[in-house]
Every structure is written in C-alpha cells, then in structure tokens.
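*Asks:* after the sequence you'll find the predicted model.
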Amino acid sequence: MIPLQAQLPDGGWTYVVSIVAVSLYVSLTAVGLSTLFSLPVALGIGFTDFRGKRLVTAVVNTGMGFPSVVVGLVVLILLSNSGPLGSLDLAFTPRAMILSQFILATPVLLSVSLSAVEGVDQSVRDAAYAMGGTRVDVGLAVIKEARFGIVTAILAGFGRAISEVGSILIVGGNIVYSDGQSYTRTLTTAITVEARQGRYEVGLVLGVILLALVLAVNGLGSWLRNQGRGERSV
Amino acid sequence: MSMQRRRFLASLGAASVVGLAGCAGESDPSGSTATQTGGGADGQSGGAQTGSGQIGDGELVLATTTSTYDTGLLDALHPVFEENYGVTMKTIPKGTGASLRTARDGDADVILVHARNAEDKFMQDGFGVNRRDVMFNDFVIVGPEDDPAGINGMESATEAFTTIAESESTFVSRGDDSGTNKKELLVWDEAGTDPSGEWYRAVGKGMGDTLVQASQTGAYTLADRGTYLSMQTEIDLAIHVQGPLQGGPVILKNPYGVMAVNPAKYDDVNYEAAMAYIGFLTSPTGQSMIADYTANGSQLFFPNAIAEEPNFGQYVPQGYTAQQASSLSPQDKEYLYWVDEQVPADY
C-alpha cells in the first residue's frame, strides 16, 4: 500500500493496525462509560419536573458544541504533573484521551437520549408501575421503549469521539513507540502527522480507514435498530 | 487498483479484530497503562528499580522538536537506545516552546530542543539539569524557484528578510514559539523590521506543515536544513540564502541541546533513564549514528558532543579566527569552530 511509513519494519502494518486499535479502544471506552453515565441521568431528568429543568437541558445542548481543543487544554491542565490531578500520572496516556472524549461525547449522548426518553408515552411508565415495578424496572421499560433513540444517541456520541482530533492530540501527545506500536496515536492524530510531513496519500489512506470504521459502526447500529423494528411489528 | 482495494479490506478486517482484542485486553482493571507496550515489558512491570537491567520505571518521556522527529532521526536512534538500556521511549513531538513548557510542568523526563536562549532560561529557572550539546545544523531561507523577491545568493539573512518585507513577498512564519520561530523572530529583530501585513502569514504549524504550505502558496520561509532536506522531494522550494554550514551568516546557526528535567522539582521524573538517554546521545555510538543519518542522500545533523578539547562553555582554541566578522560573540565563534571541525569542505 503506498509508501506507508517506509522506515518501519513490516511496511507500516503494525503501525496502522495499532493506531486503529488505539482509536477504537479510546473511543469505544469513552462512549461506553458515557452511555453508563448518560442513560440514568437522562431518565432522571426526563421523568422529574424540577425548577431549572429547561436550563439544564439548554446547558446539555450547549455542551454538544464544546470546542474539543478547549476540552483538551482544560483536561491537560488538570492532569498535568503540576496540575491538581497530577499525582494520578495520567497526562499523555490513553486514559487521559478517554477522559476528554467522555467529556465531549456525553452532552451528545445525553441530549439525544433525553429527547428519546421524553418521547416515551406516559402510559408505559404507568403500566410498569401498575405491575409493581421498582424504579429500576420502570427505567428499563422506558429504555426498552426508547431503544431506537438511544442507539442513535450512542452512535452520535461515537461519531463525535472517533472523528475528534483536537483534544486527544493535546492530552495524548500523539505517542508511538519506536517499534511502530501506537501508544496514544489514533487515526485522526496520525493523519495530522502525515499532513505535516506532506505525505498526503498516506494521510488519505488513513482517512479512508477511519471512514470505513465509522461506516461499519453505523451499519451495526442500523442493523440493531432494524432488529428492534422487526420484533416490534410482531 | 483492485489489488489495493483488496488489501484495504484485509487491513480493515484485521484491524477490527485486533481492535476488539485490544479492547478486551486493556479494559482489564488490573492492567496499568504502562503494561501495554506490546512486547518487551512483560514480567518487568514490577515497579521502579526492581527489574534487572531496567532504569526507573522503564519508560522515558521525551518532549522534542518536530525537526528531530519529522526528519526520522529519532526513529533511527531510539530502537538502539531501547535495546541497550531496556527503556521504552515515549516521544512527544512538539515545538521547542511547547516542549519546554511540557518539561516545566513535569510531564516529560528529558527534552531535546534547539533554542539556546530559551534553554538557558529553562536551566536558570532550575527546571533542567545536565544540559549537553548534541548536534547542530543550520537554518536556510527557502522560497519559490523563481525567487520573486530576488534574494537568491544574498550573504546576509537580515538583508534577505528586509528585501522580502520591502517587496511584500509572501512569507510563511511558523508562529508557534518553536525554535525555528524564535530564530525567525530574532532575524526580523536584527533586521530592524517588524513584519506585518497580508504578506506575512503566521500559520502556527510544525516545520513540515509550514514547508508544505509555503510550497503551495509560493511563499518564503525559514527552515532548518534537516527538515528541508528530508522533505525536498515533497516540496517545490529552493534554498536562496544558505546557512553557516555552506558559508552563510552565522546568525542562522542551529545547535541542539539535550537536558534532563530536574528531579528536585518533580520527584517522579525518570531521572536515571533521562541521564542514560543523554549519555547515549553524547556517546561515540550515538554521535556516530547521528553523523551517519542521511535523508535524500544528505547528512542532516552534525554531532558535536565529543571533542578532545576541554569542555568548558564556548570553548574555542586560542588563535582560532573565523573567516567571518571578528566581532563575533563567543557562542558564535564556537559554532563556527564546530562547522570547521565537523562539516566536510564539499558539503
């Protein structure tokens, strides 16, 4: 494939595979954690009426537009050895990248799943209560009913995370080991390196791989949704 | 074409499998991030100073300039260092300004940079220890082949910059507080010109990016010779004003220094490995590897850590007179002495 990292031992194979692995590891972990966080919060906000609810929703929606470089910078300042969380030793690690992507993906996930949850008919909750369900049972019933919207939310969050470059470049440091194994280099940050060195063709190859990944994950998502639809029509 | 497509698909399949495997392995809560180095570190992750032949925690964070990284020099040096010392290198390529900041914050163990004044400040503030000269090359003023400003062959960098400013020819500046950017601003300063106007574009990118952008917009820029030579095939830019390696003005000198982050400031830096790294770069092995490193057929860096002469600051033998102006600073004189000693006459 093109002069991909000609200086690396196996024609860049290890390099490409490992940056794909790091990309997926970081983004999937961030989105997974964000899902675990966002769903209960969306249920909580969606089902309760409290003062300032509209404000909270507005803040969440604003969060979708967080500039990723600002998030990256703030996370780096927090995690830096001279910062408040410096003792955790997280600066320039994949965990720092997960943290910044979590912050970026959560508003997206929260916002979309919130509208999905709010769209669920009151009768579903009433029925779940009537059958003697606990709060958890009611929540699960709602999630089940709102699953299409929630899958969309997760996909949107993943899209935000995997295609993001600003914050992970800052907090991850774009590190690759000398044997070509990536430590904190992802597809997006690898593309910045190739563009910097004027190797546009290699950058484009990485871009195509990134697109293919996003496509594959979205394909999986719509397959899941179709499964759900089939079940429903029965 | 179809061949490539097939390889793509293969890569995609392999990638997703490995990706999933990577996830499964790394989400193991007991696995620290330090153990995912992929070979070599297994069984040695027992912590500091326990493993035999391991220095510190076995990982060394190097913050360095894009010029050492993008030229591929570090890709050549690091495997040998890692092999000999059992240390895994984590290299963060940034500009010199950003590298110094990373080190000031205690997020790097060792830095390899090229901005002597900023390095001295870093040392004087107590953040760095044991600075050594490692190697040098020079800066060159490059621009489009047809040279619209007409600076080709000038022997003064300041005169060339003034001419570019007067003709308002497009000039691309790194604008990122890197060593190259600091040097460029120094030349403007010496020239007594304050670059401003639409012809002067600060792009805030690395050296490679900046060269690419200058090439595509037909602009002039200041580049370190190493990055320029290593990218020569990618860009349409010619050297119009030579640096001191080929008889140009000494203001375009470009010496690189390595220094460890002071363990008294941050007790968790890997000081031992940092010193091993400094030792390696300045050893006969490291120095000859630097001298042997070429790109597009040219030597990019000249080692200057080893000399039989006493190693005081700015040592120049008595009676040494550079061909250039006699009113040189000791630092400039020393640099010209290195050039005379190290650079072949036909370079």
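*Replies:* Received the coordinates, thanks. Just so it is clear, the model here is predicted, and its values are computed rather than measured.

*Asks:* residue ranges for the helices of the stretch 201-347 of chain B, please.
*Replies:* Along the stretch 201-347 of chain B, the stretches classed as helices by DSSP state H, counting those that start in this stretch are B:207-217, B:225-231, B:271-281, B:284-292, B:330-342.

*Asks:* I'd like the distance between residue A:55 and residue A:49.
*Replies:* 13 Å (C-beta to C-beta, to the nearest Å). Heads up, the C-betas are built off the backbone N, CA and C, glycines and all.

*Asks:* would the helix or strand where residue A:208 lies count as contacting chain B?
*Replies:* Using DSSP states H and E, residue A:208 maps to helix A:200-233. Yes. Counting by C-beta under 8 Å from any C-beta of the partner chain, chain B is contacted by helix A:200-233 at A:208, A:209, A:212, A:213, A:216.

*Asks:* just the residues you listed now: which is nearest chain B?
*Replies:* Distance to chain B, by C-beta to the nearest C-beta, is smallest for residue A:212 among these, at 5.5 Å.

*Asks:* for residue B:66, which non-adjacent residue is closest in space?
*Replies:* The shortest distance from residue B:66 to any non-neighbouring residue, by C-beta to C-beta, 6 or more residues apart in numbering or on different chains, is to residue B:206 (3.9 Å).

*Asks:* now do the helices in chain A.
*Replies:* A:13-47, A:53-63, A:68-79, A:94-118, A:122-130, A:135-145, A:147-162, A:166-172, A:187-196, A:200-233 (DSSP state H).

*Asks:* those helices into JSON lines, with extra columns for mean neighbour count and mean pLDDT?
*Replies:* Below are those laid out as JSON lines (neighbours: other C-beta atoms under 10 Å in any protein chain shown; pLDDT from 0 to 100):
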{"stretch": "helix A:13-47", "mean neighbour count": "22", "mean pLDDT": "94"}
{"stretch": "helix A:53-63", "mean neighbour count": "13", "mean pLDDT": "90"}
{"stretch": "helix A:68-79", "mean neighbour count": "20", "mean pLDDT": "94"}
{"stretch": "helix A:94-118", "mean neighbour count": "24", "mean pLDDT": "95"}
{"stretch": "helix A:122-130", "mean neighbour count": "13", "mean pLDDT": "86"}
{"stretch": "helix A:135-145", "mean neighbour count": "17", "mean pLDDT": "88"}
{"stretch": "helix A:147-162", "mean neighbour count": "22", "mean pLDDT": "93"}
{"stretch": "helix A:166-172", "mean neighbour count": "26", "mean pLDDT": "92"}
{"stretch": "helix A:187-196", "mean neighbour count": "22", "mean pLDDT": "88"}
{"stretch": "helix A:200-233", "mean neighbour count": "14", "mean pLDDT": "83"}
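
*Asks:* as JSON lines, those helices with distance to residue B:98 would be great.
*Replies:* Below are the helices of chain A laid out as JSON lines (distance: least, C-beta to C-beta, whole Å):
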{"stretch": "helix A:13-47", "distance to residue B:98": "22"}
{"stretch": "helix A:53-63", "distance to residue B:98": "28"}
{"stretch": "helix A:68-79", "distance to residue B:98": "11"}
{"stretch": "helix A:94-118", "distance to residue B:98": "16"}
{"stretch": "helix A:122-130", "distance to residue B:98": "53"}
{"stretch": "helix A:135-145", "distance to residue B:98": "45"}
{"stretch": "helix A:147-162", "distance to residue B:98": "25"}
{"stretch": "helix A:166-172", "distance to residue B:98": "10"}
{"stretch": "helix A:187-196", "distance to residue B:98": "14"}
{"stretch": "helix A:200-233", "distance to residue B:98": "22"}
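
*Asks:* quick one: which of those helices is nearest residue B:121?
*Replies:* helix A:68-79 (21.7 Å; C-beta to C-beta).

*Asks:* got the CA positions of the closest one in CSV?
*Replies:* Output of helix A:68-79 as CSV, limited to C-alpha atoms (Å, rounded to 0.1, in the frame of the first residue of the first chain):
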residue,chain,number,x,y,z
SER,A,68,-12.7,19.9,21.5
VAL,A,69,-9.4,21.8,21.8
VAL,A,70,-10.7,23.7,24.8
VAL,A,71,-11.7,20.5,26.5
GLY,A,72,-8.3,19.0,25.7
LEU,A,73,-6.5,22.0,27.1
VAL,A,74,-8.5,22.0,30.3
VAL,A,75,-8.1,18.2,30.8
LEU,A,76,-4.3,18.6,30.2
ILE,A,77,-4.1,21.4,32.8
LEU,A,78,-6.0,19.3,35.3
LEU,A,79,-3.9,16.1,34.7
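
*Asks:* from the stretch 151-300 of chain B, which residue is nearest to chain A?
*Replies:* For the stretch 151-300 of chain B, C-beta to the nearest C-beta, closest residue to chain A: residue B:234, 3.7 Å.

*Asks:* and among the helices of the stretch 201-347 of chain B, the most buried is which?
*Replies:* Among these, helix B:225-231 has the highest mean neighbour count (mean count of other C-beta atoms under 10 Å in any protein chain shown), at a mean of 25.
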